[in-house]
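K.L.:
model this:
(one chain, ligands or ions: 1)
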Amino acid sequence: MIETDILIIGAGPTGLFTVFEAGLLKLKCHIIDGLPQPGGQLTELYPKKPIFDIPGFPSVGAGDLVDNLMEQIKQFQPGFTLNEVAETIDKLDDGTFIVTTNKGTKHHAKAVAIAAGLGSFEPRKPQLEKLSYYEDKGIEYFVKDPEVFRDKRVVIAGGGDSALDWTIYLADIAKEVSLVHRRNEFRGALDSVEKVQKLKDSGKIHLVTPAEVVDLKGDDTLDGVIIEREGEHEIIDCDYFIPLFGLTPKLGPIANWGLEIEKNAIKVNNALDYQTNIEGVYAIGDINTYPGKLKLILCGFHEATLMCQSVYNRLNPGKKYVLKYTTVSGINGFDGSRK
Ligand code: FAD
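P.N.:
Take a look at the predicted model:
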C-alpha cells in the first residue's frame, strides 16, 4: 500500500505543479499516470511545440516545460506510479481514500486530486481481426522499455512522430526494424524523416511504403504480419508489431466514480477550492468544468494552488497557515530575504 497526503491522478502540467504547491505546505504527493512518462498532453501530443503563454517565459518548448516542472518538484520527492490507470476509488470511514490501479496497485491518501486532463489516453488500434488475441503476445501499443526489443525483429506501423522516433531509436537495439506506412510521405518532423531515410539507405531499417498491415500470424504468439503493398500480399516475419497510430483521450474509469460529470468534465466548486461533489476529492486542470472555464496550462496551475490550500485546511483544522512567498520559505537555496 502506497501512503501519501495527496494522491494526484495525472502527471500532466497541472498534476506536476500540484506537487510543488503541496510541498510548500509540507504535504507529500504521489502521482499516478497511465502513460509511461510524465507531461500529459505536452509530452504526448506536442513535445516540440513552443508555448507562448506561460508567465515569465516569452517562449518555452512543451518538452522543456515538462523537464523544468520535474526539476522544480524534485526537491519534494514525489512518488510515481506510471503506466497504470487509476481504476477505482473507495472512501473509508475516516474520510481517507484507497485508489486502486488497473494493475492492482493500491494507494492510501488523505485527499485525491484528479488532474486527469482529457482523461486516459488510449491507443488508436488498427482494425485487424486477430488483434486482441495477440495483445501482450507480440503486439505492443507503447514502447515502455526499449530493452524488451533488443535483438528482436520489430515491425512498426504509423506515419507520425512516434513511429519515426521509435524507428530511429530501435534501429540500434533491435535485430531488424521495418517501418510500414500507408503513404510515401510522413507527418513527423522533417529532421526525423531525414534520419529514417538515411537509416533505410544504409540498410539499417526496412521502409515499407505505401503499405498497410492487413493481417497477423503466429500460433501462440505473433510471428509475423501480412502487409498489402500495391495490391500484393507479403509476409514480414517479426517478434513484435507496434502500431503507433496516435492516442485517443477517454474519460475512462473516472466516469464511474460517482462524480458529477458535465460534457465529459468533472463539475467543481470554483468559487472555493475546486472540490467535487465528493468531499476530499478535487478536480483541477483540463478535467474540470465550471462557468468560464479555460483549458490552459496556467489555469491548471492556479487551480492547483488554491486546491492545495484547501487540502491543508481540511487536514489541519483550526491550524492557521500563514501564506509566505517561496523566497521567505527558504527553499531552493534562497536565504529567505525579500529582495
Ligand atoms: P493533461 O496534460 O491532459 O494530463 C493529464 C494526464 O492524466 C495524462 O497524462 C493522462 O494519461 C493522465 N490520466 C488521465 N486519466 C487517468 C487515469 N484514470 N489514471 C491515470 N492517469 C490518468 N495550453 C496552453 O496553456 N498553451 C498552449 O500553447 C497550448 N497549446 C496546446 C496545443 C495543443 C496541440 C493541445 C492539444 C493543447 C494545448 N494546450 C495549450 C492545452 C494544454 O495542453 C492543456 O491545458 C494542459 O495539458 C492541461 O494539463 P493537465 O495536467 O490538466 O492535463
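
K.L.:
Now residue 213: which helix or strand?
P.N.:
strand 211-217 (DSSP states H and E).

K.L.:
Give me the contacts around that strand.
P.N.:
Contact partners of strand 211-217, identified using C-beta atoms under 8 Å, 6 or more residues apart in numbering, comprise 126, 128-131, 134, 139, 155, 157, 180-182, 222-229, 233, 235, 241, 243. Every residue, glycine included, has its C-beta placed from N, CA and C.

K.L.:
again, 10 Å this time
P.N.:
Under the criterion C-beta atoms under 10 Å, 6 or more residues apart in numbering, residues 126-131, 133-134, 137-139, 155, 157, 178-183, 222-230, 232-238, 241, 243 lie in contact with strand 211-217.

K.L.:
and the helix or strand following it, how far out from the chain's middle?
P.N.:
Next helix or strand after strand 211-217 toward the C-terminus (DSSP H and E): strand 224-229. Centroid separation for strand 224-229 versus its chain: 31 Å, with C-alpha atoms, centre = their mean, to the nearest Å.

K.L.:
Tell me the strands beside strand 224-229, with direction?
P.N.:
Sheet pairing of strand 224-229 (DSSP bridges) gives strand 211-217 (antiparallel), strand 232-237 (antiparallel).

K.L.:
C-alpha coordinates for the longest one, CSV please?
P.N.:
Provided in CSV are the C-alpha atoms of strand 211-217 (Å, rounded to 0.1, in the frame of the first residue of the first chain):
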residue,chain,number,x,y,z
ALA,A,211,1.7,-0.4,-47.5
GLU,A,212,-0.6,-1.5,-44.8
VAL,A,213,-0.6,-4.3,-42.3
VAL,A,214,-3.8,-6.3,-43.1
ASP,A,215,-3.4,-9.5,-41.0
LEU,A,216,-1.4,-11.1,-38.3
LYS,A,217,0.0,-14.6,-38.0
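
K.L.:
ok so, going back, selecting buried members of the contacts of strand 211-217 in ChimeraX, what would you type?
P.N.:
In ChimeraX, this line selects whichever of the contacts of strand 211-217 come out buried by 16 or more other C-beta atoms under 10 Å:
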select :126,128,134,138,139,155,157,178,179,180,181,182,222,223,224,225,227,236,238,241,243
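
K.L.:
what does the chain have sitting close to the ligand?
P.N.:
Within the chain, the positions near the ligand by C-beta under 6 Å from any ligand atom are 9-15, 32-35, 40-42, 45-46, 51, 53, 85-86, 115-121, 252-254, 285-286, 295-298, 300.

K.L.:
In JSON lines, list the strands paired with strand 224-229 along with mean pLDDT.
P.N.:
Shown next, in JSON lines, are the strands paired with strand 224-229 (pLDDT from 0 to 100):
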{"stretch": "strand 211-217", "mean pLDDT": "97"}
{"stretch": "strand 232-237", "mean pLDDT": "97"}
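
K.L.:
Compare the ones you listed and give me the one nearest residue 278.
P.N.:
Residue 278 lies closest, by C-beta to C-beta, to one member of the strands paired with strand 224-229: strand 211-217, at 43.1 Å.

K.L.:
in that closest one, what counts as buried?
P.N.:
If you call a residue buried by 16+ other C-beta under 10 Å, then strand 211-217 has these buried ones: 211, 213, 216.

K.L.:
Contact partners for the closest residue in space to the first one that isn't next to it in sequence?
P.N.:
Right, residue 211. Spatial nearest neighbour of residue 211, chain neighbours left out: residue 229 (3.9 Å); criterion: C-beta to C-beta, 6 or more residues apart in numbering. By C-beta under 10 Å, 6+ apart, the contact list for residue 229 reads 180, 182, 208-212, 214.
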